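Engineer: build me a model from this:
(2 chains)
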Amino acid sequence: MKIIKYIRYIFPVVGCFLGLCVDMRGQAAVADTSGLYGERQDSLDAAVSVYRQDGNFLKKGSPIRTEVISSAGLHKMACCNLAESFENSASVTVGYSDAVTGARQIRLLGLSGVYTQMLDENRPVMRGLAAPFGLAYVPGQWLESIQIAKGASSVINGVESMTGQINMEHRKPTDEKPLFLNASVMSDTKMDFNLASSLQMGRSWSTVVLAHASGNIKSFDHNHDGYLDEPEMLQFNLANRWLYYADSGVQVRFGIKALQDSRQGGQPGYDRSEYRLDNISSPWGSDIRNRSLNGYVKVGIPLASDNSQNIAVVADYTLYDMDSWFGSTEYMGRQHSGFFNLLYQYDISDSHKLTVGLGSMYDRLDEDFSRTVFYPDPAYAHSEKSGTTDLFNAGIFGEYTFSCGEKFTAIAGARGEWYNRDGFKFSPRATIKYSPAEQVTLRLNGGRGLRYSMPLVDNIGVFSTGKAFKGIYGDHLLEDSWTYGGNITYYLPFGASDNTYISFDYFHTMFGQQMVVDYEHEQNVIDFYALDGRRSYTDNYQIDFNVEPFERFTVAATFRYTEAKIELKDRGLADKPMTGKYKGVLNLQYATRLDKWIFDFTASVNGPSRVYSFMETLTDKDGNLLYPDGHTPVYPMLYAQVTRRFKGVDIYIGGENLTNFRQKYAIAGAKDADGFVNAHQASFDASAIWGPLMGVKFYAGVRFTLWKKNR
Amino acid sequence: MKKILIMCAVLAAGAVSMWGMPADNAEQNGSVYASVSESRPKKELKEVTFKVNMHCGNCVKKIRENISFEKGVKGLEISLEDKTVKITYDASRTDEARLAEALADLGYEAVKETQA
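Structural biologist: Reported below is the predicted structural model:
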């Protein structure tokens, strides 16, 4: 209490003077470039009357098509973690990697989330080993907002963003909230606890402590297939971030994050030390332990009194350990990842801005992998990989921005880098934003993306199968793609707010090189091979409509259509399997005056996807084909939440998947006499997931916020 | 398991009981409120606009999240551009001085704006 008492006396507007103000829609007004300095325009100039905060919206001024999920958007649902925060969005689709580990993966522009660069306040995160479970390790209640930028975005943080960038803004050290607590419980026994405390110590120092614990006490097998619907999980997550702001304008931000997570799924009773492949009565399951430690520092030094020139250094290090067992498969991985950026930013005039710098990424991956399955050819029945791999790139980059007021912005960027396994690569990118009239915004962008594939961890679901691995599963191919597209947004002159718009997007991604993970080349085999001149591309079309028909009632409707094609060995050009053709989302929100009651309703419809060829013959218990036309069924999802707000306290109750739709027969393979799929066979596959695994869930939670008093 | 069920029940019961509380949206409509509560004096809604030394969106958020829940506050409009906070309030439950005091508690100087 003493601390709280102390901070009551601290100068009240320190946070605002630090150039760290949050703009009117909940997005931190940090520059998209270094993330260290605010834009030159004074936030006092922002001419906005504030009534209430939108949930999801397109960011008006951004040159790149950017969808923002604000803190209000993050409160529309349970949003226990980052994966669940995207349920309101048609741009991002969230699915399970498999039926046992609980790993979630996103899709942006119809492609796996590994092609989307994840940023934590403009630092690349969730890379390599940290990717498969990374979405579960960002508690939704830690976040202030999320920005989803589609297409080829800035080159400043590297060119790993092929389909786009998702940037997370956490609660800030400068937030005037010394204490935030959240507890929620779900009907499936999952519980979440979050704490955040932002403290300001004088004018220069501020810090935020973020803590999270979650887990489920019990796991269920509601569909009685012999496998738990979700693994038993226990996660602890702790972060501490600091900001130092000197009177000279120098800013230093640094922080650490520590994580530990364990999860056990599959058949109840799985014991990795007792499991025997040849003993068909020994339960099959997965046992995964993840540990991670991250530290970062950002330093910004102004070189001019008006902040028109500055230098920034960003350094980030992550140690990630994953020990995992899937039946008789063992995968132990340790990854050291480093990221370094040195930038010089020069705002030459109101029209011209230049950013140049040096950048590098480094991953040292120690792997110990061994797997034995039933397969007739002994050469493929066992697969293994052991040793250290270094993946490294370093180079220079530059980005030039030309602006002509708010009417026209053009950004030309390029990155020239040396990759330790592939030599020099040049990656250009360009962006144009043009507003011929106040109500219309046109955006175009395009450019190259490069990333090293990690075939096994990028496709963690392959471990939850009885299939043999063939090909280059131990290699790290430099994947190479080009993405281009655009957006047109038209602001309409009706509705209770000035944020009524209709928007249309088109984006095309094509791969020059890609790691193909082919489930269809041979029966009971997963073949890993390079695209090598074959075709792989996606076309995405999306329409968004946002309106507030009358005060405090908002309607957001969005629909995406995806055409994803890939040329598979001996099969030719085919629809990319397990990729939904379309998704539509309708979100309705009504709030009483002063937001004391908030009612949210979200409905989505998820289109069909082509199933793997081996799924075409799968039958239900009566012998009927599960996928007679070779496609998954169209299914709806409904979400509803009611929030009651008091001074400093929010109480919310809600439901997810209210139609109780579930993917039936999520575990594929030949069934035994009792109708169960035994995992001790080559046809076993728990990774062919296209729909929800859990039925209807209800939840209740409470948020407590203590605001800083200033006298 | 029992603990969780009890927790759920308590949270759900809390939410349901609040549903039954005098609803704010009913309160907001003065005439409705008055018609069901004849014994209380009819609400007199007043408006006051303060000039407030806000600086950025953080200030806006802080004011919105706190002043909205002050006793008697029925409506709130905040303009960062004009640096004004316009409050509609029930004169039988609060007054200008208390509202200015509430803003001062948050660390802001609030000066009543006089109409030209």
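
Engineer: hey, let's count contacts and neighbours off CA atoms from now on
Structural biologist: Fine.

Engineer: ok, now which ones touch residue A:499?
Structural biologist: Residue A:499 makes contact with A:491-492, A:546-548, according to CA atoms under 8 Å, 6 or more residues apart in numbering or on different chains.

Engineer: tell me, how many residues neighbour residue A:89?
Structural biologist: A total of 26 residues lie near residue A:89 under the criterion other CA atoms under 10 Å in any protein chain shown.

Engineer: once you drop chain neighbours, what's closest to it?
Structural biologist: Spatially, and ignoring its direct neighbours in sequence, residue A:89 is nearest to residue A:585 (6.9 Å; CA to CA, 6 or more residues apart in numbering or on different chains).

Engineer: surely the one you found is in contact with residue A:546?
Structural biologist: No: at 11.6 Å, residue A:585 does not count as touching residue A:546 under the criterion of CA atoms under 8 Å.

Engineer: now for those two: what residues contact both?
Structural biologist: A:556-557.

Engineer: so what's residue A:341 up against?
Structural biologist: Under the criterion of CA under 8 Å, 6+ apart, the contact partners of residue A:341 comprise A:157, A:312-315, A:357-360.

Engineer: rerun that using 10 Å as the cut-off
Structural biologist: By CA atoms under 10 Å, 6 or more residues apart in numbering or on different chains, the contact list for residue A:341 reads A:34, A:123, A:156-158, A:298, A:312-316, A:357-361, A:394-397.

Engineer: quick one: secondary structure of it?
Structural biologist: Put simply, residue A:341 is strand when judged by DSSP: H, G, I helix; E, B strand; the rest coil.

Engineer: so what pLDDT did the residue nearest to it when sequence neighbours are not counted get?
Structural biologist: Leaving out its chain neighbours, the residue that sits closest to residue A:341 by CA to CA, 6+ apart is residue A:359, at 4.4 Å. Turning to residue A:359, the model gives it a pLDDT of 97.

Engineer: moving C-terminal of the helix or strand residue A:359 falls within, what's the next helix or strand?
Structural biologist: Taking DSSP states H and E as the criterion, residue A:359 maps to strand A:352-372. Beyond strand A:352-372 on the C-terminal side, the first helix or strand identified by DSSP H and E is helix A:378-381.

Engineer: assign residue 76 to helix, strand or coil.
Structural biologist: Unless you meant another one, I'm taking chain A. Residue A:76 falls in the coil class when you classify it by three-state DSSP.

Engineer: my question was about chain B
Structural biologist: Assigned state for residue B:76: strand (three-state reduction, three-state DSSP).

Engineer: could you check how far it is from chain A?
Structural biologist: With distances taken as CA to the nearest CA, to the nearest Å, residue B:76 is found 7 Å from chain A.

Engineer: partners of that residue in the sheet?
Structural biologist: residue B:87 (DSSP bridges).

Engineer: equivalent analysis for residue A:186, please.
Structural biologist: Judged by DSSP bridges, the bridge partners of residue A:186 are residue A:699.

Engineer: right, and it touches residue A:694 too?
Structural biologist: No: between residue A:186 and residue A:694 no contact is recorded; they are 12.0 Å apart, counting by CA atoms under 10 Å.

Engineer: what about the contacts of residue A:499, which are in helices?
Structural biologist: Assignment to helices by DSSP state H places none of those there.

Engineer: now those residues as JSON lines including distance to residue A:517, pLDDT and neighbour count?
Structural biologist: Compiled in JSON lines, those are given as follows (distance: CA to CA, whole Å; pLDDT from 0 to 100; neighbours: other CA atoms under 10 Å in any protein chain shown):
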{"residue": "A:491", "distance to residue A:517": "42", "pLDDT": "95", "neighbour count": "20"}
{"residue": "A:492", "distance to residue A:517": "45", "pLDDT": "95", "neighbour count": "15"}
{"residue": "A:546", "distance to residue A:517": "38", "pLDDT": "95", "neighbour count": "23"}
{"residue": "A:547", "distance to residue A:517": "42", "pLDDT": "96", "neighbour count": "21"}
{"residue": "A:548", "distance to residue A:517": "45", "pLDDT": "95", "neighbour count": "21"}
